[in-house]
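Q: Let me see the structure of the following:
(one chain, ligands or ions: 1)
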Amino acid sequence: MAVGGKKKRPGLLKRPSTITNKGIVPKSLKPQQARGLIRRFHVLQKNKYAIIKRLKKAEGLAEITVDNYLEVLSTGKRERSYYENAQNKFRLESTDQLPVVKIDEKLTTRQLIEQLAEIDAETTARGGIGAYQSASTQGQNSKRGGDSSKKLVEWLKQPQYKDRLNDVNALEIGCLSTRNVISTCNIFKNIVRIDLNSQSPLIVEQDFMQRPLPTSDDERFNLISCSLVINFVPSPKERGDMLVRMTKFLKKPVKGSISSLFLVLPLPCITNSRYFDNELLQNIMKELGFKQIFAYEAKKVAYWLFDWSGQVSKKKKKFTKKELYSGSKRNNFCITIGE
Ligand SMILES: C[S@@+](CC[C@H](N)C(=O)[O-])C[C@H]1O[C@@H](n2cnc3c(N)ncnc32)[C@H](O)[C@@H]1O
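A: Numbers count the residues shown, from 1 in each chain. Purely as a prediction, here's the structure:
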């Protein structure tokens with residue numbers, strides 16, 4: 001019997017739903033609230049991946065992944081009940097002082113599954129990825145004064161690029177709006193917009209990491225825009241994998257046409273991380289065949305425009321997670337390659 005004496009529902013575990021079954025997608029948030037929500041989503045997301053990584057080591061769970069965990073947990077009677085009980089017990093705290101559980105080797109399998117259920121319940125209760133996106137749009141707009149693609153278009157109008165923009169297309173990874181300057185500037189003949197959670201019929205709902213690899217130049221792009229996405233990706237390795245994957249989607253630069261990557265990260269990723277800085281980013285990008293053409297650090301966000309040479313270094317140099325700066329106030333952002 002399932003919790004509460006009700007007959008157990010056969011089939012997969014379900015992600016929790018709120019009472020109204022909708023979650024709360026906030027229409028309007030104060031900048032501080034938006035930033036708080038974004039930060040909370042990042043913590044939840046990061047913990048979720050850390051839990052899955054730990055659960056892989058538990059007996060019988062070697063195959064568990066972030067995509068199949070509901071399916072995997074629903075096949076074990078005990079695992080299923082840990083998840084369901086924790087999910088049913090969860091109540092969203094109204095306080096800002098939310099607990100951040102440390103996911104380490106001290107947690108048992110049961111505690112890990114319970115944490116996972118609580119993360120899912122909290123994510124849903126906060127409005128799911130829709131709320132995160134809404135907060136991103138509102139919060140980031142207010143803190144950086146507009147959409148980041150303004151900077152991209154400003155750079156593309158500089159002499160280095162101006163005459164190389166005939167018949168060019170773009171891939172926008174992590175797209176929240178079809179009305180950003182990248183879409184309205186008339187530079188691109190075609191833009192493919194993708195996001196994990198599409199908010200418009202003009203945005204394809206797709207995980208970039210699952211997008212089929214191009215088989216011809218028709219499926220490649222002159223420019224990839226990746227603004228505030230890499231920091232959303234939970235692990236250093238996956239962030240590196242994402243950068244490597246981007247090179248497979250860029251056209252080689254022929255006949256002077258562009259082959260470029262517009263990258264945006266929150267400034268603290270390069271100015272206040274224990275494991276990462278701009279120098280390391282530049283070294284990684286160099287190995288992948290990129291050369292920085294423009295860079296700009298705003299108050300909260302850093303922008304880069306890189307040109308791609310068409311060739312990733314064959315040396316297969318590794319970039320691992322090493323402490324570069326000490327200090328308890330630093331964050332743990334990192335990008336690794338070859339780990
Ligand atoms: C903080 S928002 C940034 C949106 C916008 N590019 C901007 O600069 O304001 C991050 C977006 O990236 C999307 N995203 C994260 N990982 C992704 C992936 N692997 N494939 C596609 N979209 C992804 C998320 O769904 C989210 O909408």
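Q: Tell me which residues of the helix or strand containing N47 come out buried.
A: Under the criterion DSSP states H and E, the helix or strand holding N47 is helix 31-55. Buried residues in helix 31-55, counted by 16 or more other Cβ atoms under 10 Å: 34-38, 40-41, 44-48, 50-55. Just so you know, the C-beta spots here come from the backbone N, C-alpha and C atoms, and that holds for glycine as well.
Q: Kindly report the same for stretch 156-175.
A: Buried residues in stretch 156-175, defined by neighbour count with 16+ other Cβ under 10 Å: L156, Y161, R164, L165, V168, A170, L171, E172, I173, G174, C175.
Q: restrict these to contacts with the ligand.
A: When contact is defined as Cβ under 6 Å from any ligand atom, the buried residues of stretch 156-175 meet the ligand at I173, G174.
Q: Show me the buried residues of stretch 156-175 that map onto helices.
A: With helices identified by DSSP state H, the entries of the buried residues of stretch 156-175 that belong to them are L156, Y161.
Q: Which two among the buried residues of stretch 156-175 are spaced furthest apart?
A: Maximum pairwise distance in the buried residues of stretch 156-175, criterion Cβ to Cβ, is 25.0 Å, between R164 and G174.
Q: domains for the protein, by residue range?
A: In terms of domains, the chain is parsed into 3-138, 146-308 (source: automatic domain parsing).
Q: Of those domains, which shows the lowest average pLDDT?
A: Lowest mean pLDDT within those: domain 3-138, a mean of 80.
Q: is the ligand contacted by that one?
A: Yes. Against the ligand, domain 3-138 shows contacts by Cβ under 6 Å from any ligand atom at I129, Q133, S136.
Q: neighbours around the closest residue to T271 other than its chain neighbours, how many?
A: The shortest distance from T271 to any non-neighbouring residue, by Cβ to Cβ, 6 or more residues apart in numbering, is to D277 (7.4 Å). D277 is flanked by 17 other residues according to other Cβ atoms under 10 Å.
Q: Please report phi then psi for D277.
A: phi -150, psi -180 (degrees, to the nearest 10).
Q: ditto for N186
A: phi 60, psi 20.
Q: What of the one 5 residues further on?
A: With angles defined as degrees, to the nearest 10, I191 sits at phi -130, psi 130.
Q: how about it, what does it touch?
A: The neighbourhood of I191, defined by Cβ atoms under 8 Å, 6 or more residues apart in numbering, consists of N169, A170, L171, E172, I182, S183.
Q: switch the cut-off to 6 Å
A: Contacts here follow Cβ atoms under 6 Å, 6 or more residues apart in numbering; on that basis I191 touches A170, E172.
Q: in the sheet, who's paired with it?
A: In this structure, I191 bridges to A170 when assessed by DSSP bridges.
Q: L265 now?
A: Counting by DSSP bridges, the residues bridging with L265 are A302.
Q: Tally up the residues packed near it, please.
A: Under the neighbour criterion other Cβ under 10 Å, L265 is assigned a count of 23.
Q: try T75
A: Residues within reach of T75, counting by other Cβ under 10 Å, total 11.
Q: Could you do L70 as well?
A: Look at L70: counted by other Cβ under 10 Å, it has 15 neighbours.
Q: my guess is it contacts I52, does it?
A: No. Between L70 and I52 there is no contact, the gap being 11.5 Å when judged by Cβ atoms under 6 Å.
Q: Could you pull out the helices in the stretch 151-300 of the chain for me?
A: Across the stretch 151-300 of the chain, reading from the start of the chain, the helices by DSSP state H, counting those that start in this stretch fall at 159-162, 181-184, 236-248, 268-271, 278-287.
Q: now the first one, how far from the centre of its chain.
A: Spelled out, that is helix 159-162. Taking the mean C-alpha point of helix 159-162 and that of its whole chain, the gap between them comes to 30 Å (Cα atoms, centre = their mean, to the nearest Å).
Q: And the most centrally placed residue in the chain, how close does it get to the ligand?
A: The centre of the chain sits closest to F232, judged by Cα atoms, centre = their mean, with a distance of 2.8 Å. Relative to the ligand, F232 is positioned 4 Å away (Cβ to the nearest ligand atom, to the nearest Å).
Q: Any residues of the stretch 201-339 of the chain in contact with the ligand? List them.
A: Neighbours of the ligand within the stretch 201-339 of the chain, by Cβ under 6 Å from any ligand atom: D207, F208, M209, S227, L228, V229, F232, V233, V264.
Q: mind redoing it with 5 Å?
A: Listed as neighbours of the ligand in the stretch 201-339 of the chain under the rule Cβ under 5 Å from any ligand atom: D207, F208, S227, L228, V229, F232.
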